[in-house]
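S.K.: Curious how this folds, go ahead:
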Amino acid sequence: MNIAIVGCGYVADFYMSSLKYHPELRLVGVYGRDAEHLRAFGNYYSVPTYEGLDELVRDPSVEMVLNLTNPRSHYEVTTQCLEAGKHVYSEKPLAMEYEAAKKLVRIAKENDVLLSSAPCSLLGETAQTIRKALQEHVIGPVRLVYANFDAGMTSRSKPWMWRSASGAPWPAKDEFEVGCTYEHAGYFLTWLAAFFGPAKRVTAFASCQVPGKGIPVDVMAPDFTVGCIEYKDGIVARVTCSLLAPRDRSLTIIGDTGMIYTKDMRDDGSPVYVRRTPPSRLEAALEYRLDYWLDRVEHWVNWIPWSWGNSWRLNRKYPFARKPERRSSGRYKPVDFCRGPAELADAIREKRPCRLSAELGMHITELIEALQYPERFGGQREIESTFDPIQPLPWDN
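M.R.: Residues are numbered from 1 along each chain as shown. From the prediction side, this is the model:
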């Protein structure tokens with residue numbers, strides 16, 4: 001399928017690094033509003049450039065557009081592409097407000113094209129393995145989920161000095177103004193959507209704990225959000241996002257007879273662990289003794305935080321549902337950014353629903369808005385949107 005990219009900023013380099021895994025996606029051209037970097041990007045990757053978005057959408061060879069612009073431009077750019085009859089894969093989120101996302105879904109239907117949005121890590125081996133474990137009831141009925149996306153004290157790292165492979169700066173001003181929840185919550189929200197279906201209700205709190213982050217901004221979005229999301233069968237997920245707490249991108253799912261845990265939702269091949277509750281007598285005895293001696297070591301060598309406040313737990317690895325392909329989209333990015341566009345292309349070719357559907361993107365947008373701006377809804381929001389069940393990928397075993 002012939003694709004074109006709109007937006008040549010920091011994230012575009014990750015997509016370019018992932019294209020090599022998907023020969024079925026043929027890049028025919030790129031466009032970005034920053035003329036200088038558009039030229040640098042085109043030269044760096046030896047790809048044709050368009051002079052404007054109008055020229056891109058008029059190109060009959062373009063079948064799908066990757067909208068990699070900043071979040072506040074997603075609605076406008078996606079609308080123009082959809083109305084021109086192009087399929088669109090958008091970076092996250094689909095739009096900045098739920099009502100805008102609803103309009104995009106309607107526009108896509110009216111123009112008989114497909115709309116999809118990132119993140120696509122739901123298609124990775126870790127997420128698929130957790131889904132398989134849940135379907136096999138390895139921990140019994142699920143009661144509680146802890147999902148975290150804490151990015152560390154990002155502003156203290158001077159991220160505005162970071163550069164992508166083609167030389168694009170990390171968009172610090174835009175990131176701080178848009179907010180970490182809009183930028184990051186989609187990673188765990190799409191997983192929870194696949195595991196448990198549409199959310200029913202969100203209760204949230206949000207605040208800006210560090211109003212000065214080292215650069216001038218027009219408005220500072222919340223840098224900390226926490227919420228409880230209610231799903232069917234009484235399942236509750238406690239979800240957090242921040243630009244303050246030490247990096248933690250873990251997921252823990254607690255059931256009647258055990259727990260499922262993975263350390264990093266931003267690693268497509270992060271191992272999945274299962275722990276029985278309660279553990280066997282032998283495991284419990286080993287844990288008790290390990291905890292005791294680790295506590296003693298901390299007292300003796302008190303400048304080393306051995307346990308970080310956690311008790312020692314014995315877990316077992318759960319077999320991967322699909323063999324990890326160990327793909328990378330760049331330095332410290334053990335993910336495949338183009339899995340999403342490839343899934344959309346497959347859905348178009350096979351004339352089937354896309355696993356990352358427009359309705360899913362709309363639902364995630366509604367949840368994100370409720371989490372970051374709880375004051376708009378009195379702190380609690382009944383969720384209106386829904387989506388069809390997301391089909392799992394084929395499993396190896």
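
S.K.: alpha carbons only for contacts and neighbour counts from here, please
M.R.: Noted.

S.K.: and the spatially closest residue to Tyr50 that is not a sequence neighbour, how many neighbours?
M.R.: In space, and not counting its chain neighbours, Tyr50 is closest to Tyr31: 5.2 Å by C-alpha to C-alpha, 6 or more residues apart in numbering. For Tyr31, the neighbour count with other C-alpha atoms under 10 Å is 25.

S.K.: Just confirm Tyr31 contacts Ala12, I think it does.
M.R.: No. Using C-alpha atoms under 8 Å, Tyr31 is not in contact with Ala12, being 11.0 Å away.

S.K.: hmm, back to that, tell me the bridge partners for the residue nearest to Tyr50.
M.R.: With DSSP bridges as the criterion, Tyr31 is bridged to Val6.

S.K.: Next one: it from Leu56, what distance?
M.R.: Separation of Tyr31 from Leu56 (C-alpha to C-alpha, to the nearest Å) stands at 7 Å.

S.K.: any residues in contact with both of these two?
M.R.: Jointly contacting Tyr31 and Leu56 under the rule C-alpha atoms under 8 Å, 6 or more residues apart in numbering are 4, 50.

S.K.: contacting residues around stretch 245-260?
M.R.: By C-alpha under 8 Å, 6+ apart, stretch 245-260 touches 130, 138-153, 261-266, 272-278.

S.K.: just checking, next helix/strand downstream of the worst-scoring helix or strand of the chain on mean pLDDT?
M.R.: Sorting the helices and strands of the chain by mean pLDDT, DSSP states H and E puts helix 281-300 at the bottom, at a mean of 79. Along the chain past helix 281-300, the next helix or strand (assigned with DSSP states H and E) turns out to be strand 316-317.

S.K.: After that next one, which helix or strand is next?
M.R.: helix 339-350.

S.K.: tell me what that next one is packed against?
M.R.: For helix 339-350, the packing partners by 3 or more C-alpha pairs under 8 Å, 6 or more residues apart in numbering; DSSP states H and E come out as strand 87-90, strand 115-117.

S.K.: Who are the packing partners of the last one?
M.R.: Spelled out, it's strand 115-117. strand 87-90, helix 339-350, helix 358-372.

S.K.: Would you mind writing the CA trace of the least confident helix or strand of the chain as CSV?
M.R.: Extracted C-alpha coordinates of helix 281-300, given in CSV (Å, rounded to 0.1, in the frame of the first residue of the first chain):
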residue,chain,number,x,y,z
ARG,A,281,4.2,-23.3,51.3
LEU,A,282,7.7,-23.7,49.9
GLU,A,283,7.5,-20.4,47.9
ALA,A,284,6.1,-18.6,50.9
ALA,A,285,8.9,-19.9,53.1
LEU,A,286,11.5,-18.8,50.6
GLU,A,287,10.0,-15.4,50.1
TYR,A,288,9.8,-14.9,53.9
ARG,A,289,13.5,-15.7,54.3
LEU,A,290,14.6,-13.7,51.3
ASP,A,291,12.7,-10.7,52.6
TYR,A,292,14.2,-11.1,56.1
TRP,A,293,17.8,-11.2,54.9
LEU,A,294,17.3,-8.3,52.3
ASP,A,295,16.0,-6.2,55.2
ARG,A,296,19.0,-7.0,57.2
VAL,A,297,21.3,-6.1,54.3
GLU,A,298,19.5,-2.7,54.0
HIS,A,299,20.1,-2.0,57.7
TRP,A,300,23.8,-2.9,57.4
